[in-house]
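*Asks:* coords please:
(one chain, ligands or ions: 1)
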Amino acid sequence: MVKLEPIIGLEIHLELSTKSKLFCHCPNDAHPVKPNTNICPICLGHPGVLPVINQEAIKRTLKLGLSLNGKISEYCWFDRKNYFYPDLPKGYQISQYSLPIINNGFLEIEVEKINKKISLTRIHLEEDTAKLLHSDKDWSLIDFNRSGIPLLEVVTDPDIRTPLEAKIFLQELQKVARYLDISKANMEKGQMRCDVNISLRPVKNKLTKKFYPKTEIKNLNSFKSVEDSLIYEIKRQTKKWQNGQPPQRQTTRGWDENNHLTYEQRSKEEEQDYRYFPEPDLPMLRFKSKKSKFELPFDIKEIEQSLPELPIAKRKRFLKNYGLTLPEAKILTENQVLADFTEKVIMEVQAWLVSLETIEGTEQEIWQKHKNQLIKVIANWLINRLLPLQKRAAKSDFPFTPENFAEFIILVYEKKVSSTLAQSILEKMFSEGKDVDRIIEDHQLTPEQDKDKIGKIVFEVIKSNPEIVEKYQQGKHVVIQFLIGQVMKKTQGQSDPGLVRKLLEKELKI
Ligand SMILES: [Zn+2]
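*Replies:* Okay, here's the model as predicted:
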């Protein structure tokens with residue numbers, strides 16, 4: 001049987017989070033309290049109105065393009081894409097066809113520890129359509145709040161080979177959009193939507209670059225549905241190949257989430273069906289042409305210099321510079337706020353360390369000596385303690401500064417408090433937004449009190465295990481491990497085992 005490989009390409013729509021829509025002053029909010037409130041004659045497509053380009057939308061397109069190593073067109077324009085559908089009152093969508101703002105580029109992804117560059121074909125800017133709400137009776141409603149919202153279309157080359165790669169590409173693109181602060185890119189809210197193209201090809205034809213008729217699966221609105229629909233489609237098409245009937249024509253299919261299958265929708269229109277032609281109501285965009293006297297309202301070089309480090313680059317740097325593990329680095333670079341917070345905490349802790357009067361050596365030597373242990377403490381308390389608190393409170397930022405958290409980490413690192421007490425301090429810091437000292441003072445969470453608490457548990461454990469205590473006192477000192485285990489169990493593993501041992505030994509001597 002012939003060995004096949006999937007050839008996958010993606011088309012992603014990203015809603016830009018500008019203040020206003022692409023060609024009018026209406027607020028860019030697809031979901032205000034009521035339908036049809038963020039509308040005006042322009043985004044309703046009334047005759048005789050003139051669109052005006054939102055400069056911020058162009059700027060954001062350039063930001064994404066430059067971040068993804070794309071080439072800015074010297075000049076380009078908007079085109080009318082003509083088709084008849086109730087969500088499009090003008091009878092055409094203002095989009096870009098022959099020349100997009102950005103050509104080429106790539107996004108690097110990491111799939112099962114292997115880095116791969118996925119090439120991009122283009123990134124263009126267009127307006128979103130209205131939203132149709134179909135009833136199960138014989139009528140539908142139209143909400144124009146979404147009409148005219150700026151949409152970026154990112155088209156990849158057919159470089160993707162597995163459903164997992166497709167999912168990871170989308171997750172990485174979402175992170176990039178959020179790092180750049182150009183889109184909220186929330187798939188559940190329709191701010192990021194995806195169409196996938198898939199065909200199969202005999203592996204032996206790899207070098208010929210020959211492709212077979214593809215199937216397009218439209219309007220996928222979760223990472224899971226992208227992955228699942230591709231898995232299904234690969235199985236479906238493989239069967240066709242095995243039966244000697246590979247797909248003969250290009251088709252469009254939908255994804256039925258409930259029944260977990262794709263179904264045929266219609267044969268894809270040929271591109272000329274849209275009768276594209278340049279939009280006569282908008283000026284040509286000139287980005288680089290020397291001949292033009294057209295002044296851009298912003299500086300491309302400035303945009304380039306202001307671009308943040310991309311998530312994957314940050315992840316690599318976190319791994320290399322701080323010795324975090326890959327899963328830790330992935331979590332801590334999940335978004336810009338968390339990554340910045342983490343880095344500031346590390347810097348603060350490092351500064352504290354080298355400021356200590358010490359005979360241990362140079363600053364570098366001191367840092368190297370403590371680095372591994374300190375990073376472990378920081379990563380552990382951030383990922384396993386602080387992030388769950390943040391998640392529970394459904395917040396995206398922190399109620400205290402990285403300096404406050406660094407002070408807390410130092411307290412833990414110096415073992416001035418037990419794990420239990422530290423957890424309690426952190427919870428209060430989080431709910432009250434105060435620094436460590438204030439929390440300890442306000443709640444009298446002193447280490448002594450902590451000692452008392454563990455002391456009581458130690459006493460209880462000794463009391464309820466007379467046989468073990470006897471063995472210990474007869475010289476079988478190894479049994480203390482059992483008692484330590486009992487105390488740890490009673491404190492849900494939150495106590496400092498060193499402190500528990502000390503307290504037990506003190507009690508058992510008497
Ligand atoms: Zn409007």
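*Asks:* and the residue positioned nearest the centre of the chain, what does it touch?
*Replies:* With distances taken as CA atoms, centre = their mean, the residue of the chain nearest its centroid is Lys175 (3.6 Å). The contact partners of Lys175, by CB atoms under 8 Å, 6 or more residues apart in numbering, come to 311, 334-335. Heads up, the C-betas are built off the backbone N, CA and C, glycines and all.
*Asks:* redo that, cut-off 10 Å
*Replies:* Going by CB atoms under 10 Å, 6 or more residues apart in numbering, Lys175 touches 185, 310-312, 314-315, 333-336.
*Asks:* try Lys81
*Replies:* For Lys81, the contact set (CB under 10 Å, 6+ apart) comprises 88, 92-97, 126-127, 271, 273-277, 279.
*Asks:* go ahead and confirm Gln96 touches Phe78.
*Replies:* Yes - here Gln96 reaches Phe78: they are 5.8 Å apart, a contact under CB atoms under 10 Å.
*Asks:* what do the two both touch?
*Replies:* Listed contacts common to Gln96 and Phe78 are 124-126, 278-279, 285; contacts here mean CB under 10 Å, 6+ apart.
*Asks:* report the lowest-confidence entry in these.
*Replies:* Minimum pLDDT across those is recorded for Leu285, with 89.
*Asks:* quick check: beta-bridge partners of it?
*Replies:* Note on Leu285: beta-bridge partners by DSSP bridges are Cys76.
*Asks:* gap between it and the ion?
*Replies:* From Leu285 across to the ion, the span is 21 Å (CB to the ion, to the nearest Å).
*Asks:* for that residue, give me its contacts.
*Replies:* So Leu285 contacts 53, 58, 61, 72-78, 96, 99, 101, 125, 294, 296 (CB under 10 Å, 6+ apart).
*Asks:* of the contacts of Lys81, buried ones?
*Replies:* 88, 92-97, 126-127, 274, 276, 279 (16 or more other CB atoms under 10 Å).
*Asks:* any idea which of these is closest to the ion?
*Replies:* When these are compared for distance to the ion (CB to the ion), Glu127 wins out at 10.2 Å.
*Asks:* list the contacts for the closest one?
*Replies:* So Glu127 contacts 21-24, 43, 51, 57, 78, 81, 88, 90, 93-95, 146-151 (CB under 10 Å, 6+ apart).
*Asks:* give me the subset of those lying in helices.
*Replies:* The helices, defined by DSSP state H, take in Ala57 from those.
*Asks:* show me what the host helix or strand of Gly485 is packed up against.
*Replies:* Using DSSP states H and E, Gly485 maps to helix 480-490. When contacts are defined as 3 or more CB pairs under 10 Å, 6 or more residues apart in numbering; DSSP states H and E, helix 480-490 sits against helix 447-464, helix 466-473, helix 497-509.
*Asks:* of all those helices, which one is nearest Ser119?
*Replies:* helix 497-509 (53.3 Å; CB to CB).
*Asks:* then the closest one to PDB, C-alphas only?
*Replies:* Extracted as PDB, the C-alpha positions of helix 497-509 are listed here (Å, rounded to 0.1, in the frame of the first residue of the first chain):
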ATOM      1  CA  PRO A 497      11.200  18.500  57.600                       C
ATOM      2  CA  GLY A 498      14.400  19.900  59.200                       C
ATOM      3  CA  LEU A 499      12.300  21.900  61.700                       C
ATOM      4  CA  VAL A 500      10.100  18.800  62.400                       C
ATOM      5  CA  ARG A 501      13.100  16.600  63.100                       C
ATOM      6  CA  LYS A 502      14.600  19.200  65.500                       C
ATOM      7  CA  LEU A 503      11.400  19.600  67.400                       C
ATOM      8  CA  LEU A 504      10.900  15.800  67.600                       C
ATOM      9  CA  GLU A 505      14.500  15.200  68.800                       C
ATOM     10  CA  LYS A 506      14.000  17.900  71.500                       C
ATOM     11  CA  GLU A 507      10.800  16.300  72.700                       C
ATOM     12  CA  LEU A 508      12.100  12.700  72.600                       C
ATOM     13  CA  LYS A 509      15.200  13.500  74.700                       C
END
